[in-house]
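Peer 1: test case, fold it:
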Amino acid sequence: MWNTCWQCGGYRPDKRIDPQGPTAICPECGHGHCFQQLPLLLVSGASGAGKSTVCHALMGRLTQVVLLDSDNLWQPEFNKPDDNYSAFFETWLRMCKNIGQSGRPVVLFGAGVGVPSNLESCIERRYFSTLHYLALTVDDEVLIERLQQRPAWRQSGTEAYLAEHVQFNQWFRSRSALESPAVELIDTTHIPPTTTVKQVAQWIRETMAA
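Peer 2: This is a model prediction of the structure:
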């Protein structure tokens, strides 16, 4: 689906959505066209919680959805904390919206995408029926150990990096139930990666069935 109106040619990502179609209506000329308003599933967690491991393990195994890692589109120009990285999140929502027009919802893995306030206020959010959030968490000591064992080129063992992701991990543990929508949690501390993969796959299937 394009943000360019098929009738007047205006570029308007802020189309009005009529859920009865669902139809996206151009605010400039009133032209509306039907589209598939699918759910978007988001799997998050601090660096080291197991997101990438699960994403890679599920590739090719869940054919009813499209699995993507948000790191695939990261570029230095997106590193703008002053506006809460809004261009990065809008770009990913636009990508997922367009991919969804093929008829398969997207499951997007990434750290920041698991914070509802990062996505729920985005312009592109209107094109999804529902956003479902899941976060992987882990005990802080285990998280630190995992990050310190990564290759040196990733620079994930620095004091600043460790502190940032320990804090993010704690945020999920303390705030997930208070968010709107709430963020479901899977604690990966005492379970092997294969079990985490199975639990995430089960969450995806149950969410899609619901």
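
Peer 1: is it true that L67 lies in a strand?
Peer 2: Yes - using DSSP: H, G, I helix; E, B strand; the rest coil, the assignment for L67 is a strand.

Peer 1: buried sites along stretch 90-107?
Peer 2: 90-97, 99-100, 105-107 (16 or more other C-beta atoms under 10 Å). C-beta here means a position set from N, CA and C on the backbone, and glycine is covered the same way.

Peer 1: next: stretch 26-35.
Peer 2: 26, 32, 35.

Peer 1: return the subset of those lying in helices.
Peer 2: Among these, no member falls in helices (DSSP state H).

Peer 1: now, which of these sits nearest R173?
Peer 2: Nearest to R173 among those is F35, at 37.0 Å by C-beta to C-beta.

Peer 1: please name the residues that touch the residue found closest to N84 once you drop the neighbours it is linked to in the chain.
Peer 2: Nearest non-adjacent residue to N84, counting by C-beta to C-beta, 6 or more residues apart in numbering: N118, 6.5 Å away. Residues near N118 by C-beta atoms under 8 Å, 6 or more residues apart in numbering: 84-85, 89, 112.

Peer 1: got the phi/psi numbers for F89?
Peer 2: Main-chain torsions, F89, degrees, to the nearest 10: phi -70, psi -40.

Peer 1: how about the contacts made by it?
Peer 2: 112-113, 118-119, 122.

Peer 1: in JSON lines: those, plus pLDDT and secondary structure.
Peer 2: Shown next, in JSON lines, are the contacts of F89 (pLDDT from 0 to 100; DSSP: H, G, I helix; E, B strand; the rest coil):
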{"residue": "G112", "pLDDT": "91", "secondary structure": "helix"}
{"residue": "V113", "pLDDT": "95", "secondary structure": "helix"}
{"residue": "N118", "pLDDT": "95", "secondary structure": "helix"}
{"residue": "L119", "pLDDT": "97", "secondary structure": "helix"}
{"residue": "C122", "pLDDT": "97", "secondary structure": "coil"}
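
Peer 1: domains in this protein, by residue range?
Peer 2: Under the assignment automatic domain parsing, the domains of the chain span 1-35, 36-209.

Peer 1: deepest-packed of these, please.
Peer 2: domain 36-209 (a mean of 17; mean count of other C-beta atoms under 10 Å).

Peer 1: quote the end-to-end distance of that domain.
Peer 2: By C-alpha to C-alpha, to the nearest Å, the extent of domain 36-209 from end to end equals 17 Å.
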